[in-house]
Every structure is written in C-alpha cells, then in structure tokens.
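Asks: predicted structure and sequence below. I'll ask about it afterward.
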Protein chains: 2
Amino acid sequence: ANMKQEFEILNQFIKRRGLRYTSQREKVLDIFLSKEGHISLEELYKLVREKYPDIGYTTVYRTMKLLCECGLCQDLDLGDDVSRYEHKYAHQHHDHLICIKCNKVIEVVKQQIEKLQDDLAKKHGFLPVKHKLQIFGVCKKCLNKGK
Amino acid sequence: ANMKQEFEILNQFIKRRGLRYTSQREKVLDIFLSKEGHISLEELYKLVREKYPDIGYTTVYRTMKLLCECGLCQDLDLGDDVSRYEHKYAHQHHDHLICIKCNKVIEVVKQQIEKLQDDLAKKHGFLPVKHKLQIFGVCKKCLNKGK
DNA sequence: ACATTATTGAAAATCATTTTCAATAATAAA
DNA sequence: TTTATTATTGAAAATGATTTTCAATAATGT
C-alpha cells in the first residue's frame, strides 16, 4: 500500500507551496519512478512521450525541477555537459565512480567518507547541506581491454 | 630562476605534440598564472584583454583547454553553469566547500578522505585518475546573517 | 627564403537550458 | 454548482556558454 508514497510527497509539497497538482506532474513522476538509474532530461522526455505523447518537453523540465526541490529527485553531474537525475526518496546517499573510457557509472557508499566530510565542513564553520563526490577513473573492463 | 617553470612545461607539452609555441599561448598562460583562485573563462578573457587587447576569446578558450591537458590547469565545477579554472602545477589537490548563499568557496584538504577514495575506487576495480568533491552548505557568515 | 601546416580571431553554429505568452485547467470563493 | 482567480501548459523563441568554421596569418622545418 505504500507503493506510491512518492505521489503523496509530491502532493504535500505542492499543497504547502500553493501550487496545483496536475495530471502532467503525476505522469512525469510516474515515468521517472519507473526507471532506476541516472537519466538525462532528454532520455526522460522520450520515455514520457512514449506513454503520454501530449506532455511537452518544457513540462518535463519544470516537473523535474520540482521533484528536485521536494526531495524525490537528485540532479547529478557525471562530467559531461548534460544534467542527469536519479531517485532520492528511500535511496541511500552515494558517490559515483565514473569510467572515463566507457562512461560506466558505479554507485558507491562509504560511511566513513561521509562523516569526514561533515567534520571538514563544520571545522570551517559551514553547515553542510549536501555534497557531490565524483571519482573519475578507468573501470576494470576497460583496463583489461587496454592490455 | 624557477619562477617560470610553467612556461617550460607548456613548451615541452607543445613540442611533444607537434604543436607550436605562440605568443598568444604564452600571454594567456602569463595572465592565468598571475591570478590565483577560481576564475571563469569570461573573467580570464577580460584580464587578458586588459593587457593584450588583440587576443581573441576563442584563443583564450583554446589555450585553457591546452593548459588543462598539460596539467597546468584544473577545470572545476562550482555548481553553477560556468566552467572555472584553477592552478594545478605545484598546488596540492583539494576539495571545495561552496556556500549556497553567497557562493564563497573555501579550499580544504583532508588526506584521509583522499586515501579512502582511492581505496574505494580500487575495491571496485577502478584505476582512479582524479576526483572532484564539492561540499555545498552555508558558510559561517551567512549563518550569522540568518539569525 | 620557402614550403608546410598549425594557429588565430571574427563570426556563425551548436545545443542544453530557460523564458515568454496566450490558451487551458486546477483550486478557491461565492 | 458556478464563477473568479491564478497556476500550469506547451510551442516557440530566447539565452548564453561553449564549440566550430574558415580565410588570413604566423611558426617551424627544410
């Protein structure tokens, strides 16, 4: 029954801000949730179109902005020049290992690093809000190819 | 006498690649070196123009690309949409604390984090090449303002 | 000095992202 | 329920950083 907790979160957020809960927003969220991983706006828009051809690019763009604001979505930067999105609700924070040869991305979690980062921020009087760690390198597969 | 080691590095790199050492490239490097910190292409171009009005934007752009390739320069991403550059030669690797209110950037070094990152990469079979860590938060000054 | 070819710089192209605006639709008020 | 208000939508245009084009120029090897 909690299968669609995310819709409720969006709804709450929208109400709190005096915005309006529209079918387009619901549909975009639906498609976004159906696809795990790191998705670009362009990719997401294509998926949306397949199921809901009447929804425009701009609406997808604006909805994703909203989803980021309400905590359902996290935008990320994989080093190329397009912004990507990933699920945030009920997903653990993680960092990204990015292969500079094949662009494969691996998500990694290291609690110890998280803590050190918080310490570092506090030491400088910062109140940490979020962080992004990208480790660029060459993945196992590409290393073997190069032999 | 090693005051201008960087010019030699650029020269070497250019020779090795069969490129040509031009006065424009030397001048752009000169201006870049004269300014510590995180500088955008636009800002750098303005500085270049002040001293060398005949150098075009495109040349600055292309030279910075070259400087990044030869290891004199590191491009960085401070969360906005402009790419910035910082010195890399004879500069320790560091991470960035970025204030989301006033955009102030503090450079921080934490050897322990560096090591954990390398371990993490290796554990997943990655050969780490470089990494970028941005910690977004609110700086001391902005925290006090908000009271 | 000559030939070759990399470089330069102005202008144009690219391209993801963001804004505009008139029509539409969601919510609140009557 | 009906009406009024105003947020939302989507197509098209604008934006703006980055990148490419191309003819003229300049650096390097012969």
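Replies: That came in fine, so what should we check first?
Asks: quick one: the strands in chain A, in order.
Replies: A:39-40, A:73-76, A:84-87, A:95-99, A:105-108, A:127-138 (DSSP state E).
Asks: if you count contacts, what does the fifth one end up packed against?
Replies: Spelled out, that is strand A:105-108. When contacts are defined as 3 or more CB pairs under 8 Å, 6 or more residues apart in numbering or on different chains; DSSP states H and E, strand A:105-108 sits against strand A:95-99. C-betas here are computed from N, CA, C, even on glycine.
Asks: do the same with the second one
Replies: The criterion is 3+ CB pairs under 8 Å, 6+ apart, and the helices and strands that strand A:73-76 contacts are helix A:57-69, strand A:84-87.
Asks: now render the ones you listed as JSON lines, adding mean neighbour count and mean pLDDT.
Replies: Output for the helices and strands packed on strand A:73-76, formatted as JSON lines (neighbours: other CB atoms under 10 Å in any protein chain shown; pLDDT from 0 to 100):
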{"stretch": "helix A:57-69", "mean neighbour count": "17", "mean pLDDT": "98"}
{"stretch": "strand A:84-87", "mean neighbour count": "20", "mean pLDDT": "96"}
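Asks: now those in JSON lines, with distance to DNA strand D?
Replies: Output for these, formatted as JSON lines (distance: least, CB to the nearest atom of the strand, whole Å):
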{"stretch": "helix A:57-69", "distance to DNA strand D": "3"}
{"stretch": "strand A:84-87", "distance to DNA strand D": "17"}
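Asks: out of these, nearest to B:Glu114?
Replies: With distances scored as CB to CB, the stretch of these nearest to B:Glu114 is strand A:84-87 (25.1 Å).
Asks: neighbouring strands of the closest one in the sheet, and parallel or not?
Replies: Looking at strand A:84-87 with DSSP bridges, its partner strands are strand A:39-40 (antiparallel), strand A:73-76 (antiparallel).
Asks: and it with DNA strand C, contact?
Replies: No: interface with DNA strand C: strand A:84-87 contributes nothing (CB under 7 Å from any atom of the strand), its closest point being 7.9 Å away.
Asks: dump that strand to CSV, restricted to CA.
Replies: Listed next in CSV are the C-alpha coordinates belonging to strand A:84-87 (Å, rounded to 0.1, in the frame of the first residue of the first chain):
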residue,chain,number,x,y,z
ARG,A,84,21.0,13.9,-15.1
TYR,A,85,18.6,12.8,-12.4
GLU,A,86,18.4,9.9,-10.0
HIS,A,87,15.9,8.8,-7.4
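Asks: can you list contacts of that strand?
Replies: A:32-33, A:36-41, A:44, A:64, A:67-68, A:72-78 (CB atoms under 8 Å, 6 or more residues apart in numbering or on different chains).
Asks: need the residues of chain A near chain B, please.
Replies: Chain A has residues A:77, A:95, A:97, A:99-100, A:106, A:108, A:110, A:112-113, A:116-117, A:120-121, A:124-140, A:143 near chain B, with proximity defined as CB under 8 Å from any CB of the partner chain.
Asks: ChimeraX command for the buried members of these?
Replies: To isolate the buried members of those in ChimeraX, using 16 or more other CB atoms under 10 Å in any protein chain shown:
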select /A:77,95,97,99,100,106,108,110,113,117,120,121,124,125,126,127,128,131,132,133,134,135,136,137,138,139
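Asks: okay, the strands of chain A in CSV with distance to B:Tyr85 next?
Replies: What follows is those, written out as CSV (distance: least, CB to CB, whole Å):
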stretch, distance to B:Tyr85
strand A:39-40, 26
strand A:73-76, 22
strand A:84-87, 24
strand A:95-99, 21
strand A:105-108, 25
strand A:127-138, 17
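Asks: out of these, nearest to A:Glu26?
Replies: Closest among the strands of chain A, using CB to CB: strand A:73-76, at 14.5 Å.
Asks: run through the bridge partners of the residue nearest the centre of chain A.
Replies: The centre of chain A sits closest to A:Glu86, judged by CA atoms, centre = their mean, with a distance of 2.3 Å. A:Glu86 forms beta bridges with A:Gln74, as assigned by DSSP bridges.
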